[in-house]
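Q: Would you be able to build a 3D model of this:
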Amino acid sequence: MKKHFNNLSVLSFIFTLITLFFLLISHFPHNVLSWDIFGYYLYLPLVFIYHDLGLKDITIINTIIETYHNTSTFYQAMPAFDGAWVLKYPMGIAILYSPWFLVGHIWALFSTFPADGFSYPYQASLLYGSFVYTVFGLYFYWKSMCFFFKPLTVSLLVLLIVFGTNFLVHTVFHGQGLMSHTYLFTLFSLVLWLTIKWHEKPKVKYAIGLGFVIGIAALSRPTEILVALVPVLWNIGDKQALQQKLQIVSSNWRGILLSLVVIVILGSLQLIYFKLFTGRFFYNSYGNNPGEGMEFFKPYFVEVLFSFRKGWLIYTPIMFFALIGFIAMFKKMRAIFYAILVFFLLSFYVIASWSCWWYADCFSQRALIPMYVFLSLPLGTLIEFIRERWSKIFRILFSGLLFLFLLFNLFQSWQFLNGIIHTSRMTKDYYKEVFLRTTIPMGATEKLIVDRTLPPEEILNSDKKFESKLLFQNNFESEGMMPDTLIVTQTIGKVFEVNSSNQFSPMYEATYDALGLEEYGILKVSVRLFPVVAMENNHFYFTATFMHKGEAYAYWAKQLLDTDLILNTWNQLDFYYLTPEVRRSSDTFRTTFWLQGQYPVYIDDMKVELFEEIK
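A: Modelled structure (predicted):
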């Protein structure tokens, strides 16, 4: 492999960096350290400012959120034992943040800004420091591509990956450069470059470098340990190459051993953290939401690739050529073909197995961004294969398609940044409405996926049309008590007493399958309720949730207040619950009433209705 540097590839690289820099400084995000980034970052202020990594004083977080509004709910951690909290996200990204945290902290200490870890100096340092990592990653990406391809191809690859994919949106806009995906792009660029260097000259420094980079990648997102397959399978194109690789490994085992030691040391940092605050080395820090998790036996391949919600090839169509490029790569670069293909397939399988396959608010499939480093190899191979083998008219046609897809990505990125393409609620019908549009047509938003941030009552009272069906009705004639034995008045037939010995009312439950919904439903739970004491002294709740393997998610509980009720008489109450995006169709909806007080509450005529939108 030869380096192919020339003025063209250098100029395209410099042009790309300058463009990204001006886009970055064109605006400053409202709150950089928020949502997932807030979770990645918390390790640093908790250790170096508040000296409470276990977060035993939760008022620290409450004060931060009240001041900076980093998140609507503290989903970034979960309670452990002995009053401690465990952060949801691994510490790898926090380690990479640490130089910029230090810069921000020194800045804050010598300024009028509070040195609390979240004021402007910290946000600015993290924002612009993350761009330094982006530059670093693109530099090693560019250097690596120069080992394989001619200058024109390298120039095209840099421009296509940066401006022809969702890399652009997730690097310089709205603070997205602080997310793990751009950091992992940089780490993967280093993995590729160090792999090339080690196979040229298997020096110990390259092996240790690989161990560090792979270890940090896995410490940022554990499934990224798969990237180790790239150096392991590199240069194994046939049986003879395998034998040669084994000889190289046996001759350089000390460096490889050191590489493994570095990976283990870095990985142990997370395990020690878990042990300190949970009592276990291995802990599922994502376990606070059973509604999300890996579905290895039912991956979402079609949705990830082709759905109009977040389909990778719908919103990043230029990567279709990268997939086709594996054919050309098999012919022209057999030695590294298997390393790239195996890593891509396994990583894609893991990404597509996550139950929240649309990955919340993002453009296209953000989880695939780090893989663009390696997918550039089949893409570049295809570009050179067509330039060398195809006729002039086909070369012009192919070049035109690449340019068209690049422009298309820029336009769709603009649509996304201006709210025309929605961050998470896209549908096929809505996509057709806004396709190549610079404004949202009247009424088009009605074709989006339902807005689950709205109260269900508001959705029912909108212009949407619904049909309803009765799912459940219970007048408690079988399990209730006759009112003549109670203090309840105005009653015909039996009623049910919820008391301190029997804290829950009879439950209604049904699987999502049994509800027969296409997209969503609104469940209306009606009941007559008779309180005998003030509710402020007798806490009573309506509860509704979905259950996955015995664990609750999308849980909602409404405490009944004295303002909702009249004492010593029957009160007719209605409660509404919007179904979540269920993890599995076999998950179960469950609703019941729950008493946490000492005095009885009487209920009667419980009814559950389902409202489904008529499309």
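Q: quick one: contacts for residue 562?
A: Neighbouring residues of residue 562 by Cβ atoms under 8 Å, 6 or more residues apart in numbering: 534, 535, 536. No exception for glycine: its C-beta is placed from N, CA and C like everyone else's.
Q: wait, which of those is closest to residue 102?
A: Checking the contacts of residue 562 against residue 102 with Cβ to Cβ, the nearest one is residue 536 at 49.5 Å.
Q: Please list all residues in contact with the closest one.
A: So residue 536 contacts 561, 562 (Cβ under 8 Å, 6+ apart).
Q: For my notes, confirm it occurs in a strand.
A: No - assigned with DSSP: H, G, I helix; E, B strand; the rest coil, residue 536 falls outside any strand and is helix.
Q: which residues touch residue 286?
A: 88, 292, 293 are the contacts of residue 286 under Cβ under 8 Å, 6+ apart.
Q: thinking again about what came up before, CSV for the contacts of residue 562, including pLDDT and distance to residue 274?
A: Shown next, in CSV, are the contacts of residue 562 (pLDDT from 0 to 100; distance: Cβ to Cβ, whole Å):
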residue, pLDDT, distance to residue 274
534, 92, 45
535, 91, 41
536, 89, 41
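Q: and which of these is nearest to residue 543?
A: After measuring the contacts of residue 562 against residue 543 - Cβ to Cβ - the closest member comes out as residue 535, at 15.5 Å.
Q: What strands flank the longest strand out of those in the chain, and is each parallel or antiparallel?
A: Scanning the chain for the longest strand, with DSSP state E as the assignment, gives strand 601-613. Sheet pairing here is set by DSSP bridges, and for strand 601-613 it gives strand 466-474 (antiparallel), strand 496-498 (antiparallel), strand 522-531 (antiparallel).
Q: ok, back up a step: let's have the contacts of residue 286 in a markdown table, adding pLDDT and neighbour count.
A: Output for those, formatted as a markdown table (pLDDT from 0 to 100; neighbours: other Cβ atoms under 10 Å):
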| residue | pLDDT | neighbour count |
| --- | --- | --- |
| 88 | 97 | 20 |
| 292 | 95 | 16 |
| 293 | 96 | 18 |
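Q: What pLDDT does the model give residue 490?
A: pLDDT, residue 490: 64.
Q: same thing with residue 231?
A: So residue 231 comes in at 98 (pLDDT).
Q: so what's the residue lying closest to residue 317 once chain neighbours are set aside up against?
A: Spatially, and ignoring its direct neighbours in sequence, residue 317 is nearest to residue 405 (5.2 Å; Cβ to Cβ, 6 or more residues apart in numbering). The contact partners of residue 405, by Cβ under 8 Å, 6+ apart, come to 164, 317, 318.
Q: May I ask which of the residues you listed has the most neighbours?
A: residue 164 (27 neighbours; other Cβ atoms under 10 Å).
Q: does the residue nearest to residue 317 belong to a helix or a strand, and which?
A: helix 392-417 (DSSP states H and E).
Q: For that helix, buried residues please.
A: Neighbour counts using 16 or more other Cβ atoms under 10 Å place 398, 402, 405, 406, 408, 409, 412, 413, 415, 416 of helix 392-417 among the buried residues.
Q: secondary structure class for residue 557?
A: Classification of residue 557 using three-state DSSP returns strand.
Q: Just to check, it is in contact with residue 593?
A: No - with contacts counted by Cβ atoms under 8 Å, residue 557 stays clear of residue 593, the gap being 10.2 Å.
Q: Switch the contacts of residue 405 over to TSV; also include distance to residue 388.
A: TSV is the format used below for those (distance: Cβ to Cβ, whole Å):
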residue	distance to residue 388
164	22
317	24
318	21
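Q: In helices, which of the residues you listed appear?
A: When DSSP state H is applied, the contacts of residue 405 are split such that none fall in helices.
Q: how about JSON lines for the residues you listed, with distance to residue 42 and pLDDT added?
A: Listed next are the contacts of residue 405 as JSON lines, based on distance: Cβ to Cβ, whole Å; pLDDT from 0 to 100:
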{"residue": "164", "distance to residue 42": "35", "pLDDT": "98"}
{"residue": "317", "distance to residue 42": "37", "pLDDT": "98"}
{"residue": "318", "distance to residue 42": "36", "pLDDT": "98"}
